[in-house]
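Trainee: After the sequence you'll find the predicted model.
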Amino acid sequence: MDDDIYDDIHVVRASLERVQRRAAHVVRYFYAHLFTHHPELRPLFPPAMDDQYDRLFTALVHVVEHLGHPGLPAHLELLGRDHRKFGILDEDYRAVGESLVAAIGHHSPGSWDRRTEASWQRVYDYAAGAMTGGARRSSVTGEPAWWEATVLSHRLHGDHTAVVHASVSEPYPWLPGQYATIEHPELPGVWRPYSLAGRPGDSHVLEFHVGRVPDGQLSNVLCDRTEPGQVLRLGAASGSALTPPPDTGTVTLVAAGTGWSPVKSVLDALLSRRPAPRIRIDVVARGEAHFYDGAALDDILRKHPCLSAYWWYQERGEGRMRAAERLHTHLRERRDWADETVYLCGPVMFVHETAELLHECGLPEGALIRDPLPASVRARGHVSHAEAFLDPPPVNWIDPDARTRPLDLPLPLPQSTIGH
Ligand SMILES: NC(=O)C1=CN([C@@H]2O[C@H](COP(=O)(O)OP(=O)(O)OC[C@H]3O[C@@H](n4cnc5c(N)ncnc54)[C@H](O)[C@@H]3O)[C@@H](O)[C@H]2O)C=CC1
């Protein structure tokens, strides 16, 4: 980062604070300005822009908050690499910068001056430069901007979860715990992240577990209108790898709902070790019928009799937290946490509460491997079941963009801004 930019940071932060109350207007103005001056960029964005408004401002706030943070350049480079899938050119970044500065200036009556405008421009140029640099580096290594993946099989379990296998045309590098963003031919421009399940490296076949989301767009198309032969597009694998440390002796894998998908790939990695560690699996679901991948797990258990697996679910008529409560009671009764490594994946609040419980039980901080919690959950701290019911957290994915950052970065970073 250029030294001069440090002088701009406080100017830009103060300016952003002033417009933050009018964020919705700023973002609408930004898109109107961009599409008026550059109508050729409209197809890069999804037809329905509802989600897009929040994403842009969240991204902007996070970049500004993290200016000067040592992890920011790497994050921006990854973001630029990922944005290649939208077909963005260097001049498009310039157009976005002009509209952004125009939108903030328009909403800062009385406080906008040449100094503020120049600071915004330098900060934007810095961020765009890091992103285009990341895109260029990825392109010169020959990495595709996106991968085509042909659906091989599609199974819908109950009416709620689909397991999709798709074959990629070119090698697709990924690690257990990472996710791929997917675009479906029926919803151009709508990209959503899904954890990769199965075994990385030794085949061209990828596996995804897709839970139906009320009012969801892509999840529901992947559940209901996806069949063998269709060609999906995938972005580069992103997110923190949950790869187990080499000397892991005893491991507990805890998965709730489709949190089972990354856990399945971690399990596969552990089973290929010689000697394999002692492994115990706890799977939590809404009901018996929601163990959508039970047949595959049975198969794994048959091949590896040393594994132990436990299923936790709520009975018909019981409250929706009952399965998690059963697991928690069981974990509390276990006494042997000293030499354990635990993997934890699932709904955000489930992960949050289970992590707290495990630490109370004596599991050391470094022995718990999970994705970072989104800022909204950290800010809320612990919430009771009743609070969660009355005021559910606004996220239903473990913050996908928190997962794109390097593991040592302690704070959340921005949402991908375009077409996601
Ligand atoms: N790396 C990760 O941690 C991954 C996380 N996920 C997330 O896992 C979730 C899976 O969704 P579904 O399959 O619909 O699961 P779900 O909503 O059916 O939940 C599964 C179980 O988790 C427990 N649970 C749910 N909400 C809870 C809460 N607020 N507090 C305590 N326990 C709770 C319940 O016992 C429930 O039976 C999604 O939000 C997805 O984004 C998915 C893949 C990877």
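Mentor: Cool, got the structure.
Trainee: Show me where the stretch 251-400 of the chain has its helices.
Mentor: With DSSP state H, counting those that start in this stretch as the criterion, the stretch 251-400 of the chain has helices at 260-271, 294-303, 322-333, 348-360, 375-380, 385-390.
Trainee: For the ones you listed, give me CSV that also has mean neighbour count, mean pLDDT and distance to the ligand.
Mentor: In short, each C-beta sits where N, CA and C put it, glycine included. As requested, these are exported to CSV (neighbours: other C-beta atoms under 10 Å; pLDDT from 0 to 100; distance: least, C-beta to the nearest ligand atom, whole Å):
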stretch, mean neighbour count, mean pLDDT, distance to the ligand
helix 260-271, 23, 93, 5
helix 294-303, 13, 94, 14
helix 322-333, 17, 94, 4
helix 348-360, 19, 93, 3
helix 375-380, 15, 48, 10
helix 385-390, 13, 39, 5
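Trainee: Format these as JSON lines; extra columns: distance to R278.
Mentor: Shown next, in JSON lines, are the helices of the stretch 251-400 of the chain (distance: least, C-beta to C-beta, whole Å):
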{"stretch": "helix 260-271", "distance to R278": "10"}
{"stretch": "helix 294-303", "distance to R278": "14"}
{"stretch": "helix 322-333", "distance to R278": "17"}
{"stretch": "helix 348-360", "distance to R278": "17"}
{"stretch": "helix 375-380", "distance to R278": "31"}
{"stretch": "helix 385-390", "distance to R278": "32"}
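Trainee: Those: which one's closest to V26?
Mentor: Nearest to V26 among those is helix 375-380 (20.3 Å), distances taken as C-beta to C-beta.
Trainee: first vs last residue of stretch 273-284, how far apart are they?
Mentor: 26 Å (C-alpha to C-alpha, to the nearest Å).
Trainee: quick one: contacts of that stretch?
Mentor: If you take C-beta atoms under 8 Å, 6 or more residues apart in numbering as the criterion, stretch 273-284 is touched by 244, 248-257, 260, 263, 267, 270-271, 291, 297, 304, 306-313, 323-324, 327, 330-331, 346, 350.
Trainee: coming back round to it: and of the helices of the stretch 251-400 of the chain, who's closest to G71?
Mentor: Closest among these, using C-beta to C-beta: helix 375-380, at 14.8 Å.
Trainee: Tell me which residue of the chain lies closest to the ligand.
Mentor: G257 (2.2 Å; C-beta to the nearest ligand atom).
Trainee: And L301, how far from A295?
Mentor: Distance of L301 to A295, computed by C-beta to C-beta, to the nearest Å: 11 Å.
Trainee: Before I go, just wanted to say thanks for your time.
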